[in-house]
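Asker: quick check, what structure comes out for this input:
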Amino acid sequence: MSGQAPVRIDAWLWAARFFKTRALAKHAVERGRVTLGGVACRPAHEVRVGHALRIVRGEEIFEVEVTGLAHKRGSVAVAQSLYREREASIKAREAAREQRRAERAGYQPPPKRPDKRARRLIRALGDIDST
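Answerer: I've put the predicted structure just below:
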């Protein structure tokens, strides 16, 4: 962990373990999935302590405040000390996770692969939809 020298946003996201690789972090910043104070930025933008970030990763949305800076990726404990997530963000992510879990609760995968007859029926149903 460094002192107060600013760090590139893509490097910080990688060091804080929001993304597995720095290339994925750079790609997310370029596509606008990471905003600094509500404004999209470039991967080379400098992050300082106190900045507010909104990070969209898949279906999860993190709203964090930068509390520390790091140029290198460290342990999970070090990574978690680099930011503080807002309570509202944590609650919203938990609610979204529960919603997705409830939506999947009704789905039951088939117990085995369909046999030859069932595959033919599936194919026949597909032909009906294409007309």
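Asker: how close does the closest residue to F18 other than its chain neighbours get to Y83?
Answerer: Using C-beta to C-beta, 6 or more residues apart in numbering and skipping residues adjacent in sequence, the residue nearest F18 is I55, 5.6 Å away. Heads up, the C-betas are built off the backbone N, CA and C, glycines and all. I55 is 9 Å from Y83, where distance means C-beta to C-beta, to the nearest Å.
Asker: intersection of neighbour lists for those two?
Answerer: V64 (C-beta atoms under 8 Å, 6 or more residues apart in numbering).
Asker: got the CA positions of stretch 10-30 in PDB?
Answerer: Taking Å, rounded to 0.1, in the frame of the first residue of the first chain, the C-alpha atoms of stretch 10-30 are listed here in PDB:
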ATOM      1  CA  ASP A  10      -7.800   0.400 -13.500                       C
ATOM      2  CA  ALA A  11      -4.900  -0.500 -11.300                       C
ATOM      3  CA  TRP A  12      -6.800   0.400  -8.100                       C
ATOM      4  CA  LEU A  13      -9.800  -1.700  -9.200                       C
ATOM      5  CA  TRP A  14      -7.500  -4.700  -9.800                       C
ATOM      6  CA  ALA A  15      -5.700  -4.200  -6.500                       C
ATOM      7  CA  ALA A  16      -9.000  -3.900  -4.600                       C
ATOM      8  CA  ARG A  17     -10.000  -7.200  -6.200                       C
ATOM      9  CA  PHE A  18     -13.100  -6.000  -8.000                       C
ATOM     10  CA  PHE A  19     -11.700  -7.600 -11.200                       C
ATOM     11  CA  LYS A  20      -9.400 -10.600 -11.700                       C
ATOM     12  CA  THR A  21      -7.100  -8.900 -14.100                       C
ATOM     13  CA  ARG A  22      -6.100  -5.400 -14.800                       C
ATOM     14  CA  ALA A  23      -7.200  -5.800 -18.400                       C
ATOM     15  CA  LEU A  24     -10.700  -6.600 -17.200                       C
ATOM     16  CA  ALA A  25     -10.700  -3.600 -15.000                       C
ATOM     17  CA  LYS A  26      -9.500  -1.400 -17.900                       C
ATOM     18  CA  HIS A  27     -12.200  -2.800 -20.200                       C
ATOM     19  CA  ALA A  28     -14.900  -2.100 -17.600                       C
ATOM     20  CA  VAL A  29     -13.800   1.500 -17.200                       C
ATOM     21  CA  GLU A  30     -13.700   2.000 -21.000                       C
END
